[in-house]
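>>> Predicted model and sequence follow; I will ask about them next.
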Amino acid sequence: MYQEPSTVTRAKQNVNTGFTSPRDLEVRNDIGTLMTSRIIEATSRESHKKHKSKKRKHEQGGSSLAGDNDGDLRGGWCAVATIEEVSGSVAVQMGDSPMYIQALDNGLFTVGAPHDEGDGPSPEEILTAIPVGAGKIALKSGYGKYLGVEKSEKIVGRADAIGPMEQWEPVFQEGKTALLAANDCFVGLDDEDNVVAHAKTAGPGEMVTIRTNAIKDSDKPKEVPEEEQGKVKDIEINYVKKFQKFQDKKMRLNDEDVSYLKRAKKEGDLHETMLDRRAKMKADRYCK
């Protein structure tokens with residue numbers, strides 16, 4: 001029994017023959033419109049995902065490098081977490097953005113402009129922290145004046161010496177930091193971006209980050225002992241001289257291939273390997 005081809009089938013056939021009826025053309029247009037709509041929808045979803053990804057990275061740290069070392073994003077200025085680290089050159093960051101307390105030539109302080117990723121504070125934003133005991137510090141500006149708090153609650157840098165009003169107490173709690181002034185108020189900003197100390201409690205507006213460019217002990221390059229300087233053969237000779245008994249005043253070295261020493265140095269087993277080599281010589285007071 002003959003069956004009339006469906007509209008879609010006729011459309012496909014007509015594409016091959018080069019002929020298209022008005023109805024088939026309408027069907028093909030509908031199919032094309034549907035495909036275009038799906039492509040636009042997929043593109044929109046992909047764009048939305050990218051936007052959400054960028055937003056998530058910004059919320060996590062304002063940068064795609066949020067997982068990297070915090071100090072690398074601030075020009076090598078790392079956040080401190082204890083009072084013992086607050087010494088020497090420091091910068092006080094206000095809030096989460098890279099904006100620092102900035103000294104003005106009139107003795108007042110404001111907040112500087114935001115810095116680009118990878119940049120450290122400007123010279124006028126760098127202070128000198130001096131421990132004064134009891135968990136407190138003094139802060140000196142680049143103009144050589146000590147920071148204090150006035151009765152108006154404004155922070156000024158006009159003192160030539162450290163007095164009671166020029167002492168500050170960094171408060172570290174639950175991974176956050178605030179700076180307590182001598183008037184028992186926390187440092188923040190007023191409506192004109194002047195640095196003031198007028199909050200009795202530390203809220204989001206009083207959160208700061210104290211940064212230093214001092215190298216931490218854990219980041220300092222480890223000193224190489226004198227005995228371990230030079231090539232692996234020289235290192236072995238140095239330790240043989242240090243530990244071997246010279247009964248006949250002759251130094252005895254293991255004549256096996258030193259490639260074992262090179263591999264042991266890479267793997268962190270250099271000392272154990274050298275001890276085994278000296279033990280084979282039966283001439284080390286620590287190898288019997």
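Great, that's in hand.
>>> how about the helices in the protein?
Secondary structure of the chain (DSSP state H): helices at 7-17, 22-61, 232-243, 259-267, 270-279.
>>> ok, which stretches of the stretch 151-288 of the chain are strands?
Using DSSP state E, counting those that start in this stretch, the strands found in the stretch 151-288 of the chain span residues 155-159, 169-173, 176-180, 186-189, 195-199, 208-212.
>>> Any chance of CSV for these, columns mean pLDDT and distance to A81?
All C-beta spots, glycine's among them, are computed from the backbone N, C-alpha and C. Converted to CSV, the strands of the stretch 151-288 of the chain look like this (pLDDT from 0 to 100; distance: least, Cβ to Cβ, whole Å):
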stretch, mean pLDDT, distance to A81
strand 155-159, 97, 23
strand 169-173, 96, 6
strand 176-180, 97, 8
strand 186-189, 97, 18
strand 195-199, 96, 22
strand 208-212, 96, 9
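>>> Same list (those strands) but as a markdown table, adding mean neighbour count.
Converted to a markdown table, the strands of the stretch 151-288 of the chain look like this (neighbours: other Cβ atoms under 10 Å):
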| stretch | mean neighbour count |
| --- | --- |
| strand 155-159 | 20 |
| strand 169-173 | 16 |
| strand 176-180 | 19 |
| strand 186-189 | 23 |
| strand 195-199 | 21 |
| strand 208-212 | 22 |
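>>> Would you mind saying which of those strands lies nearest W77?
strand 208-212 (4.0 Å; Cβ to Cβ).
>>> got TSV for the strands of the stretch 151-288 of the chain, with distance to V149 too?
TSV is the format used below for these (distance: least, Cβ to Cβ, whole Å):
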stretch	distance to V149
strand 155-159	6
strand 169-173	12
strand 176-180	10
strand 186-189	9
strand 195-199	5
strand 208-212	15
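>>> Show me the one of those that comes nearest D276.
Shortest separation from D276 across the strands of the stretch 151-288 of the chain is recorded for strand 208-212, at 45.2 Å, computed as Cβ to Cβ.
>>> Any chance you could list what contacts that closest one?
Contact partners of strand 208-212, identified using Cβ atoms under 8 Å, 6 or more residues apart in numbering, comprise 71, 74, 77-80, 85-95, 121, 129, 170, 177-179, 187.
>>> Buried subset of these, written for PyMOL?
Buried members of the contacts of strand 208-212 can be picked out in PyMOL with the line below, counting by 16 or more other Cβ atoms under 10 Å:
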select buried, resi 71+74+77+78+79+80+85+86+90+91+92+93+94+121+129+170+177+178+179+187
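>>> So, low pLDDT: which residues of this protein?
1-69, 215-230, 232-233, 236, 239-258, 260, 278, 280-288 (pLDDT under 70).
>>> How is it divided into domains?
7-61, 71-218, 226-279 (automatic domain parsing).
>>> In contact with A161: list those residues for me.
Y146.
>>> ditto for G71
Applying Cβ under 8 Å, 6+ apart to G71 gives the contacts W77, C78, A79, R211.
>>> change it to 7 Å
G71 makes contact with W77, C78 under the criterion Cβ atoms under 7 Å, 6 or more residues apart in numbering.
>>> Give the closest residue to T273 in space, chain neighbours not counted.
The shortest distance from T273 to any non-neighbouring residue, by Cβ to Cβ, 6 or more residues apart in numbering, is to A264 (3.8 Å).
>>> ugh, wrong one, Q167
Q167 sits nearest to K136 (Cβ to Cβ, 6+ apart), 4.7 Å away.
>>> gap between the one you found and E272?
In this view, K136 and E272 are 49 Å apart by Cβ to Cβ, to the nearest Å.
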